[in-house]
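In: Sequence isn't available, so here's the structure alone:
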């Protein structure tokens, strides 16, 4: 099995960026995924600042593995939609300038009815973003968690103007009763990144995020599938809950390496 490329999402460390980079290096990560709205804003980083940031990564033997562009509203919510789309396009431009090929984000729950106005608007927006990706040289990857395979397939079938990837979130899928293995098998050629979280469903059907290896995600099977599918992207450990996120992320890195090595 090929070695895993393991990165961490530093924004959940609740540390200044320079300190978060040092933490990522110390716990064994090889890359970092940054929140492009709250950690590393393109408009606030001059050419000199970009060179300095790259130097900070190099000193810690880290690679900038990807960007995340978080939004509070769905991509079919018309309120401030133009600003969200402009932000995604700007993040794709900045990603290419920084040597990053994938920008991940959530677009909201995919409407069940492919003839609904919300679904049509979502497809229009993502086709616009996909056309920009052709010029930008970086790809936007959606992060579904509550959507069925059928809903995701309907969306991909309608977004044809350029590239659109998938950021696989096994924990989010498991928390919503969706099989991560089924999603990967259905869209393996679309998966550009994997978000390493774990989770389970409570008795009332609500999702609970738990440390990696303690939830319902079959990581050994998933990593085997990734290897069979020749996945060459980054696995980004993300811990959004818990009292000691850094330690949980460090344990997750060790867990993944042990699974990959068969120990």
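Out: That came in fine, so what should we check first? Model, not experiment: these values are computed from the prediction.

In: gap between the lengthiest helix in the chain and the chain center?
Out: The longest helix of the chain (DSSP state H) is helix 117-136. Centroid separation for helix 117-136 versus its chain: 18 Å, with C-alpha atoms, centre = their mean, to the nearest Å.

In: List the buried residues for it?
Out: By neighbour count on 16 or more other C-beta atoms under 10 Å, the buried set for helix 117-136 is 118-119, 121-123, 125-130, 132-133, 136. In short, each C-beta sits where N, CA and C put it, glycine included.

In: With stretch 181-195 instead?
Out: 183-184, 186-188, 190-195.

In: Go through the residues you listed and say which is closest to residue 201.
Out: residue 183 (16.1 Å; C-beta to C-beta).

In: Which helix or strand contains that closest one?
Out: Per DSSP states H and E: residue 183 is located in helix 180-187.

In: Give the partner strands of the helix or strand just after that helix in its sheet and their orientations.
Out: Following helix 180-187 in sequence order, the next helix or strand is strand 191-196 (DSSP H and E). Note on strand 191-196: by DSSP bridges, its sheet partners are strand 165-168 (parallel), strand 234-237 (parallel).

In: Tell me which of these lies nearest to residue 150.
Out: It's strand 165-168; of the strands paired with strand 191-196, that one is closest to residue 150 (C-beta to C-beta) at 14.6 Å.

In: Now that closest one: buried residues?
Out: 165-168.

In: Could you dump those residues into CSV and include distance to residue 60?
Out: Output for the buried residues of strand 165-168, formatted as CSV (distance: C-beta to C-beta, whole Å):
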residue, distance to residue 60
165, 27
166, 29
167, 24
168, 26
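
In: Among those residues, which one sits closest to residue 10?
Out: Using C-beta to C-beta, residue 167 comes nearest to residue 10 of those, at 16.4 Å.

In: Quick check: the closest one touching residue 194?
Out: Yes - here residue 167 reaches residue 194: they are 7.4 Å apart, a contact under C-beta atoms under 8 Å.

In: and the angle from the helix holding residue 183 to strand 191-196?
Out: 170 degrees (axes from the mean of the first three to the mean of the last three C-alpha atoms, to 10 degrees).

In: and helix 180-187, what does it pack onto?
Out: Judged by 3 or more C-beta pairs under 8 Å, 6 or more residues apart in numbering; DSSP states H and E, the packing partners of helix 180-187 are helix 149-158, strand 165-168, helix 170-175, helix 219-228.

In: between these, which gets nearest to residue 98?
Out: Closest of those to residue 98 is strand 165-168, at 17.5 Å (criterion: C-beta to C-beta).

In: mean confidence for the closest one?
Out: Here strand 165-168 scores 98 as its mean pLDDT.

In: what residues does that strand touch?
Out: Strand 165-168 is touched from outside by 102, 104, 139-144, 152, 180, 183-184, 187, 190-195, with contacts defined as C-beta atoms under 8 Å, 6 or more residues apart in numbering.

In: if you set the cut-off to 7 Å instead, what comes out?
Out: 102, 104, 139-143, 180, 183-184, 187, 190-195 (C-beta atoms under 7 Å, 6 or more residues apart in numbering).

In: Check stretch 115-128 too.
Out: 75-76, 85, 107, 110-111, 113, 155, 158-159, 161, 164.

In: tell me the mean pLDDT for that stretch?
Out: pLDDT averaged over stretch 115-128 gives 97.

In: Among the contacts of stretch 115-128, the buried ones, what's the PyMOL command?
Out: To isolate the buried ones among the contacts of stretch 115-128 in PyMOL, judged by 16+ other C-beta under 10 Å, type:
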select buried, resi 75+76+85+107+110+111+155+158+159+161+164
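
In: so where's the stretch 1-150 of the chain uncertain?
Out: 1-2 (pLDDT under 70).

In: Now do the helices in it.
Out: 17-26, 47-59, 81-97, 117-136, 149-158 (DSSP state H, counting those that start in this stretch).

In: what about residue 43, neighbour count?
Out: Using other C-beta atoms under 10 Å, residue 43 has 7 other residues around it.
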